[in-house]
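>>> 3D model of this:
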Amino acid sequence: MSRKTNGGKSRVRVVPAAGAVLYRMDGGSPRCAVVHRPRYDDWSLPKGKVDAGESLPATAVREIAEETGFNAALESRIGTTAYPLKENTRKEVTYWSALAYGGGFEPNSEVDEIRWLPVEEAMDLVSYALDRKILTRFAGARPVSSVLLLVRHAKAGSRSEWSGDDSARPLDKVGRTQAELLVPMLRAFGVRRLYSAPRVRCEQTLGPIADELGIDVALEPELSDEAYLDDPVAARARLIELTGGEGVAAVSSQGTAIPGLVGDLAELAGIAVGDTSTKKSGAWGLGFDGDTLVFADYYPSPLPVL
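Residues are numbered from 1 along each chain as shown. Now for the predicted structure:
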């Protein structure tokens, strides 16, 4: 990946990477993982470069597993840091908060020690100011009780060229590819439950991850475009109800209901999210504290980083 400078004459090569503030709860307080890398003799947050064919969320969970041995479920996107590697090259690292589950640490070629520390102690230990910046943002974020992924259906055939009931309009070739690429992204957030508006294209969007997880996609009539327009309060209430089950839920819906639901929830919570328009196969990562929206992160595409 390369970008022109403001002058437009030289290009800066960007090396994309991803990582997280990996944490686990201890007596009601988070303890964050800080890793020691013997190659650099430093203490840092787990992170690493994107492999070919990966999205940033997939990179984050893979790097966490490789460096710490723990599985991770991503939550909120904390921010992106950047620093120069050499002339005309810089590294950009996108960080999430991530809840650790399962697994266990064993020393490896990249990391020989891991420490689980309160946030303040982690800030003191890390070797770099950019890591302290990310930890500071993590510490200032409101805790979440649940996370939900709200996904717009992937690309379907043209409505004008479809002669049947529009609710039966299926994904086209591009849409089927998008649905496949959603699998690693949704799994990065620990998705375990699947719901869909009663539209074939919405169900098919979650079909590949349903196959991988070995579960069914439950239909949610209240979360279609028509149902949202008819009763947005009921649609919002049903979406919040779906956050209460065991594990993270993914909900596939449509291009009117999703922006409306995100905008309504954000307004009620006093959160500025900007434009809530959602591209096909785009997704919103929504975090809640009880019934209140805490964060809304938009992921416009599941496609790998170029």
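>>> CA only for contacts and neighbour counts going forward, please
Will do.
>>> Point out where the stretch 1-150 of the chain drops to low pLDDT.
1-9 (pLDDT under 70).
>>> residue boundaries of the helices in it?
Secondary structure of the stretch 1-150 of the chain, counting by DSSP state H, counting those that start in this stretch: helices at 56-68, 119-125, 129-140.
>>> Which one of those lies nearest to residue 83?
With CA to CA as the measure, helix 129-140 is the member of those nearest residue 83 (9.0 Å).
>>> quick one: buried residues of the closest one?
Buried residues in helix 129-140, counted by 16 or more other CA atoms under 10 Å: 130-132, 134-135, 138.
>>> can you check stretch 285-302 too?
Residues 285-288, 291-302 are the ones in stretch 285-302 that count as buried (16+ other CA under 10 Å).
>>> separation between residue 29 and residue 286?
Remark: distance between residue 29 and residue 286 (CA to CA, to the nearest Å) = 22 Å.
>>> Equivalent analysis for residue 56, please.
Residue 56 is 17 Å from residue 286, by CA to CA.
>>> now do residue 211
The gap separating residue 211 from residue 286 is 24 Å, by CA to CA.
>>> Check residue 89 too.
Here the criterion is CA to CA. By it, residue 89 lies 33 Å from residue 286.
>>> Kindly check the end-to-end length of stretch 63-76 for me.
First-to-last residue span, stretch 63-76, CA to CA: 17 Å.
>>> who's in contact with that stretch?
Stretch 63-76 has contacts (CA atoms under 8 Å, 6 or more residues apart in numbering) with 18-20, 22, 35, 46-48, 57, 61, 96-106, 108, 110-111, 114, 147, 187-190, 285, 287, 295-297.
>>> need the strands for the stretch 1-150 of the chain, in chain order.
Under the criterion DSSP state E, counting those that start in this stretch, strands of the stretch 1-150 of the chain are mapped to 2-4, 11-26, 29-37, 42-44, 47-49, 70-86, 89-103, 113-118, 146-152.
>>> next one: the stretch 151-300 of the chain
191-196, 218-219, 248-253, 283-289, 292-299.
>>> Just send those strands back as CSV, with mean pLDDT too.
Compiled in CSV, these are given as follows (pLDDT from 0 to 100):
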stretch, mean pLDDT
strand 191-196, 98
strand 218-219, 98
strand 248-253, 98
strand 283-289, 98
strand 292-299, 98
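>>> that older thread, so which of the helices of the stretch 1-150 of the chain is nearest residue 41?
Taking these one by one with CA to CA, helix 119-125 is closest: 12.3 Å.
>>> Go through the closest one and flag the buried ones.
Going by neighbour count (16+ other CA under 10 Å), the buried part of helix 119-125 is 119, 122-123, 125.
>>> Can you add distance to residue 279 and give the residues you listed back as CSV?
Formatted as CSV, the buried residues of helix 119-125 follow (distance: CA to CA, whole Å):
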residue, distance to residue 279
119, 36
122, 38
123, 38
125, 41
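>>> that older thread, now the helices of the stretch 1-150 of the chain as TSV including distance to residue 260?
As requested, the helices of the stretch 1-150 of the chain are exported to TSV (distance: least, CA to CA, whole Å):
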stretch	distance to residue 260
helix 56-68	25
helix 119-125	36
helix 129-140	28
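>>> For residue 249, find the nearest of those helices.
helix 56-68 (16.6 Å).
>>> That closest one vs strand 29-37, what angle?
If you take axes from the mean of the first three to the mean of the last three CA atoms, to 10 degrees, helix 56-68 sits at 70 degrees to strand 29-37.
>>> Can you tell me which helices and strands the lengthiest helix in the chain packs against?
Ranked by residue count, the top helix of the chain under DSSP state H comes out as helix 173-188. For helix 173-188, the contact count by 3 or more CA pairs under 8 Å, 6 or more residues apart in numbering; DSSP states H and E identifies helix 56-68, strand 70-86, helix 200-205, helix 207-213 as packing neighbours.
>>> now the third one, how far from the chain's geometric center?
For helix 200-205, the distance from its own C-alpha centre to the chain's C-alpha centre is 20 Å (CA atoms, centre = their mean, to the nearest Å).
>>> circling back: quick check: the two most widely separated of the buried residues of helix 119-125?
Checking the buried residues of helix 119-125 with CA to CA, the most distant pair is 119 and 125, at 9.9 Å.
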